[in-house]
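>>> could you work out the structure for the sequence below:
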Amino acid sequence: MTTFVLIHGAFRGGWSWRRVQPPLAASGHEVYAPSLLGCGELAAQAGQVSGLDVWADQVVGLLEHEDLTDVVLVGHSQGGVITAAAAARDPKRIAQLAYLDAAVPRPGERAVDVAAAVPEQLPPRETLIPARPLEAHGDLDAQTAAWASARLTATPFAPSLDPMPAATSAIPARYAFCSATPPGYPSLTTRSRMDAEGAAYDVLEAGHDAPLTAPDAVAAWLMKETA
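Next up, the predicted model:
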């Protein structure tokens, strides 16, 4: 049995993992999919998100409160930033990091630094970036797009302005990217860097919202090396 902690991406909440949780649980694994502060059902608390530390501390607090060990910590999209920051803060409870079509800044970089284009004038730290409704495209059907769009919330910008802390210990990490991620997504920066380094990763035949559109493939990838 493996314990998975699933961290969602920008504008989403724990709900974005709803279709991935059942196949993991059915295989006997323990699954947590929290909404980050200011996201999902916690959107009203967005004003409390003053920086990346707030989200990293929240994830670490969950691991400690639930006394979780040997965790596979999973980050999708912007969730990769929070996953990496939490692992740097408290690595002892984490057995593996799994990055799913994720943006993963290098130590000292900010999340905004891995964007396709960094504007000269960044919004103020306290800005809430509004969500845009999802449009049906590729493997994202109209019903799923409408269901997800009704749950999207503005995302706090402050965490994107803070540098990634350096890792205090080496934690095994693996990566999967989605074959149909649109141009301009920060995960493509991470993927291109890995290509340049000759680093290995997996590719899922899915769009960026694979946890909703290809949940069985995501679950199978997560379980592939954790049985």
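>>> what pLDDT does the closest residue to Ser77 other than its chain neighbours get?
Among residues not flanking Ser77 along the chain, Gly9 sits closest, at 2.9 Å (CB to CB, 6 or more residues apart in numbering). C-beta here means a position set from N, CA and C on the backbone, and glycine is covered the same way. We have a pLDDT of 98 for Gly9.
>>> count of residues packed around Gly9?
28 (other CB atoms under 10 Å).
>>> quick one: which helix or strand includes it?
Using DSSP states H and E, Gly9 is not contained in any helix or strand.
>>> ok, it touching Gly79?
Yes: using CB atoms under 8 Å, Gly9 is in contact with Gly79, at 5.0 Å.
>>> list the residues that contact both of the two?
Ala102 (CB atoms under 8 Å, 6 or more residues apart in numbering).
>>> for the helix or strand Val31 falls within, packing partners?
Using DSSP H and E, Val31 sits within strand 30-32. Judged by 3 or more CB pairs under 8 Å, 6 or more residues apart in numbering; DSSP states H and E, the packing partners of strand 30-32 are strand 3-7, helix 21-26.
>>> could you give me the average pLDDT of it?
98.
>>> pull the residues that contact the helix or strand following it.
Sequence order places helix 52-65 as the next helix or strand after strand 30-32, per DSSP H and E. Contacting residues not belonging to helix 52-65 are listed as 5, 7, 32, 34, 36-37, 48-49, 68, 71, 73, 81-83, 85-86, 88-90, 93-94, 111, 158-160, 162, 164 [CB under 8 Å, 6+ apart].
>>> pull the distance from helix 52-65 to the chain's centre.
On the basis of CA atoms, centre = their mean, to the nearest Å, helix 52-65 sits 14 Å off its chain's mean C-alpha point.
>>> list the buried residues of that helix.
52-60, 62-63 (16 or more other CB atoms under 10 Å).
>>> find the nearest non-adjacent residue to the residue nearest to the spatial centre of the chain, please.
The centroid of the chain falls nearest to Gly79 when counting by CA atoms, centre = their mean (2.1 Å). Nearest-residue entry for Gly79: Ile7, 3.7 Å, with adjacent residues in sequence omitted and distances by CB to CB, 6+ apart.
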